[in-house]
Each structure stands twice: as C-alpha cells, then as structure tokens.
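[1] whatever this is, show me its structure:
(one chain, ligands or ions: 3)
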Amino acid sequence: MSLLVLKFGGTSVGSPERIKNVAERVLRLRGEGHALIVVVSAMSGETDRLMGLAREIQPRSEGRELDVLLSTGEQVTIALLSMALESRGCPARSYTGGQVRILTDSMHNKARIRSIDDVRIRGDLDAGRVVVVAGFQGVDEEGAITTLGRGGSDTTAVALAAALKADECRIYTDVDGVYTTDPRVVKHARRLERITFEEMLEMASLGSKVLQIRSVEFAGKYNVPLRVLSSFEEGPGTLITTEEGRVEQALVAGIAFTQNEAQLTIQGVPDQPGVAYGILGPIADANIEVDMIVQNIGGDGTTDFTFTVNRNDYEKAMEVLQKVAQGVGARQVSGDTKIAKISVVGVGMRSHAGIASRMFKALAKESINIRMISTSEIKISVVVDEKYMELGVRTLHDTFELEREPAGPSAS
Ligand code: ADP
Ligand code: ASP
Ligand code: MG
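    Ligands and ions are numbered 1, 2, ... in the order given. Reported below is the predicted structural model:
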C-alpha cells in the first residue's frame, strides 16, 4: 500500500463547505487504497487576522506568545477536517505539531524542524486511520509551541513525507500547478509539467510563494517526490523533479518577482580597502540580511555603494547606514522602498549564453530602466522601479515565449 502526504492550503479549507470537499477527496484517495497523512493550513485569512489581533496589543509582536496565538489557526482546521472524515465513516485522528512531536529549534516565528517522532502516526496508519496534522507548527525542547514562518505548512508536509518515507507529497492549492510565472499577473502563463528542485528553489527564493522555500530545500535534500496540484479540480499538476527527470528543454523555466526589497545607497565614500566591510559589517551586525550589492567607482577617489535588504528591515538598515556615513565621511545616504526585483530562472541557462542580453534588450525596448543586476548559474535578477514590475514580467514572459510548450528532449 502506498503512503501519500497531502497538504491543503488556506483557500482549500477556507469554509466548512470546502473542508467537506477536502474530506471527499481524501475519501476518494483512501478508496483507491492509499494510506494518508493530511496536513492542513489555517482557514484563509486566519493567520493574518491573528497577526492583526497581536499587533493591536503590541505593534511589534514577535516571539513565544505570538506562536501560541498563530498556531491556533491550524488547530481549528485539523479538528474540522477530522470531524468531516469521521462523519463520513472514515476513521481519522487529528494532531497538533506538538502532539505528533515535530521537534524544532527555538527560533520562534521561523523555527526549523529538527526531527519528527513517527510512533503515533505509524500506530494510527496501522490501525487504518487517516492522520490529520496541523501545518506550520512544532514544539521546541522546552515544550514551547513554535511556528515555521509564513507558508510553513508546505514544510510540515514535506518533512512528514521525508520522515515517513511517503511515496509522494502532494501540495493541493488554489492553482493547478507551478506556472511559468504567477498566473495572477500573466493570464497566459503556462502550467509546467515538471520543474527541477533547483529551479523551484530559485523561484521560491526569488518571490514565487507557491511553495515555501524550506519545503523545496527539504524535498531536494531527502528526495521527496513532490507535486503541486489543484484542490478544486482533477489534473496532473506539476512534479518537482531532479534534473534527470527534466523533459522540457526550455532555457528559461519561469519568471519570479517580488516587491519585498528596498534599496539603500551611500555616496561619496573614500575608495580604499575595507570600504565594503566598513559599510556592510555594521549592517550584518544588526542582523540584517543583504541581497544585491553594487559598488561604483567615482572619478574623484570616492565610490558609491548600493545594496538591497528586505523591506521590513529598511528603517533599521537606514539608521545603521546613517551612522556609518558619519563615521567614514560619506557625502550622502539615500534610499528607495519602491523597487521590484524580477528574475528569470532556468537550468538551461548553464549551457546557453545570451539570455542576459535578451533580457536587457526586452526591458530596454519598454524603456524600463535597470538599477541593479545580479546573476548566478541558473538565474538573472534585475531591480527596477516598482511601477514597472508587471510590465517587466509580461514583457519577459513574451520575450522568452514561455506561453509556448518548448520542444521535447533533443536526440543529442
Ligand atoms: P496556499 O494557501 O494553498 O498555501 P499560496 O497562496 O501560498 O496557497 O500559494 C498559491 C499562490 O501562489 C497562487 O494563488 C499564485 O497566485 C501564487 N504563485 C506565485 N507564483 C506562482 C507560480 N509560478 N505558479 C503558480 N502559482 C504561483
Ligand atoms: N497559516 C500559515 C500562513 O498563513 C501557514 C500556511 O498556510 O502554510 O502562513
Ligand atoms: Mg502557501
């Protein structure tokens, strides 16, 4: 008998009606003879609502008590789904993360899973029960409730699949697979049959929130067969696969974008050894992660330095930078939160030159100014003005003809 881990996201369990639909799907799969573990998110909007409540009490809520609060959203849906299954004659049992004993570190609000105790779950599966597990949460060594960061139910599902050596982990959501880009922005975006772990990891890291980054990392590391598919209609979805399993020969698999970053610039810094460290050292000490970095040489023995950080860290970074500027005698500090990062991703880029120039040409044709560029083996990212984000994504989607099915594997 095969073991499947199914995960249903917030929209898929957003109302009692939808929870009943999930129960029906679970029953169908059980009828086909699969053993099942079902991970659910909170009902759509619930985690945001809880965050809102916390902020009304304490604007900068974080840490232990926030996790106690946020984890309640998933406790509601595991109970409702188990009831729906039981009322249809399907034996089921629900567990919070702590009850399973999904052990995490103690980094509240963004904890990492360390280990999963499979004893209870195995017992239930052996007894023929469907096991329903709350996503997005665990417990630390001290028994404190932890949560795994937004979108963390994906990671719960993949981690369970890895721990129990499931045959497949299926992420049911409100789209019927992974698309060439967010279908909310490009209407003719195309569903991918397959995408490699590496590409999916880049897409997720660069802004495509269809899967939480850590869930993809986990799946790649433990080789968990992972599929994204619709909870509302039948279909094959998208298989996340190793590179050997790649069938499409596209150079570009997809386009990711994000408005999550902000840009900071320090101008007129003396151009001498240690500048970068002098500027970025204090930023790192303040626990702020830097993404892109550009350093320009000025003609007068000074240099300009621009970098991006997460938008949430912008104010903190600006404070640090202003202090640094005084220390090093810089001319000026400026910043901009109205930026967007657009990235094209594809393992096919490794063996093909010219993707970058095609990208830059297409953006130039639309008069979209590129502020920063960064590249790696399988991605090229540009920072542009926020107001050009959607135009940029659509333009690149057309340029790389992503709406068209690429040719199959070549004979060579
Ligand atoms: P869930 O609540 O089921 O976890 P999410 O909202 O987290 O669902 O993820 C699904 C959403 O991800 C889709 O509605 C879609 O707008 C967005 N998305 C972003 N990029 C992509 C992409 N490349 N392919 C598919 N969906 C994407
Ligand atoms: N409910 C959590 C969130 O909204 C976790 C998840 O849905 O994956 O982020
Ligand atoms: Mg999600």
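[2] so who does the nearest residue to residue 113 once chain neighbours are set aside touch?
    Using Cβ to Cβ, 6 or more residues apart in numbering and skipping residues adjacent in sequence, the residue nearest residue 113 is residue 159, 4.9 Å away. In short, each C-beta sits where N, CA and C put it, glycine included. Going by Cβ atoms under 8 Å, 6 or more residues apart in numbering, residue 159 touches 102, 113, 116, 218.
[3] isn't the last one up against residue 212?
    Right, the one you point to is residue 218. No. Look at residue 218 against residue 212 with Cβ atoms under 8 Å: they stay out of range, at 9.4 Å.
[4] most neighbours of all the contacts of residue 159, which one?
    Among those, residue 102 has the most neighbours (other Cβ atoms under 10 Å), with 28 neighbours.
[5] and that one, bridged to which residues?
    On the basis of DSSP bridges, residue 102 is bridged to residue 116.
[6] hmm, residue 113 and it touching each other?
    Yes. The criterion here is Cβ under 8 Å, and residue 102 meets it with residue 113 at 6.0 Å.
[7] give me the common contacts of these two.
    Common contacts of residue 102 and residue 113, defined by Cβ under 8 Å, 6+ apart, comprise 138, 156, 159.
[8] whichever strand or helix holds the last one: which residues count as buried?
    Here residue 159, judged by DSSP states H and E, is contained in helix 153-163. For helix 153-163, a neighbour-count test (16 or more other Cβ atoms under 10 Å) marks 153-163 as buried.
[9] right, is the next helix or strand after it up against ligand 2?
    Following helix 153-163 in sequence order, the next helix or strand is strand 168-173 (DSSP H and E). No. Using Cβ under 6 Å from any ligand atom, strand 168-173 stays clear of ligand 2, coming no nearer than 9.8 Å.
[10] give me the distance from strand 168-173 to the chain's centre.
    How far strand 168-173 lies from its chain's middle: 15 Å, per Cα atoms, centre = their mean, to the nearest Å.
[11] just want the angle from that strand to helix 153-163.
    Orientation of strand 168-173 against helix 153-163 (axes from the mean of the first three to the mean of the last three Cα atoms, to 10 degrees) gives an angle of 170 degrees.
[12] elements contacting strand 168-173?
    With contacts defined as 3 or more Cβ pairs under 8 Å, 6 or more residues apart in numbering; DSSP states H and E, strand 168-173 has these neighbours: strand 3-8, helix 153-163, strand 226-230.
[13] save these as CSV, and put in mean pLDDT too.
    Shown next, in CSV, are these (pLDDT from 0 to 100):
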stretch, mean pLDDT
strand 3-8, 98
helix 153-163, 98
strand 226-230, 97
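[14] will you turn the ones you listed into JSON lines that also has distance to ligand 1?
    Converted to JSON lines, these look like this (distance: least, Cβ to the nearest ligand atom, whole Å):
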{"stretch": "strand 3-8", "distance to ligand 1": "7"}
{"stretch": "helix 153-163", "distance to ligand 1": "7"}
{"stretch": "strand 226-230", "distance to ligand 1": "7"}
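[15] okay if I get those as CSV plus distance to residue 389?
    Formatted as CSV, the helices and strands packed on strand 168-173 follow (distance: least, Cβ to Cβ, whole Å):
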stretch, distance to residue 389
strand 3-8, 29
helix 153-163, 25
strand 226-230, 24
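[16] out of those, nearest to ligand 2?
    When the helices and strands packed on strand 168-173 are compared by Cβ to the nearest ligand atom, helix 153-163 sits nearest ligand 2, at 3.2 Å.
[17] what about that closest one, near ligand 3?
    No. Under the criterion of Cβ under 5 Å from the ion, ligand 3 is not reached by helix 153-163; the shortest gap measures 5.8 Å.
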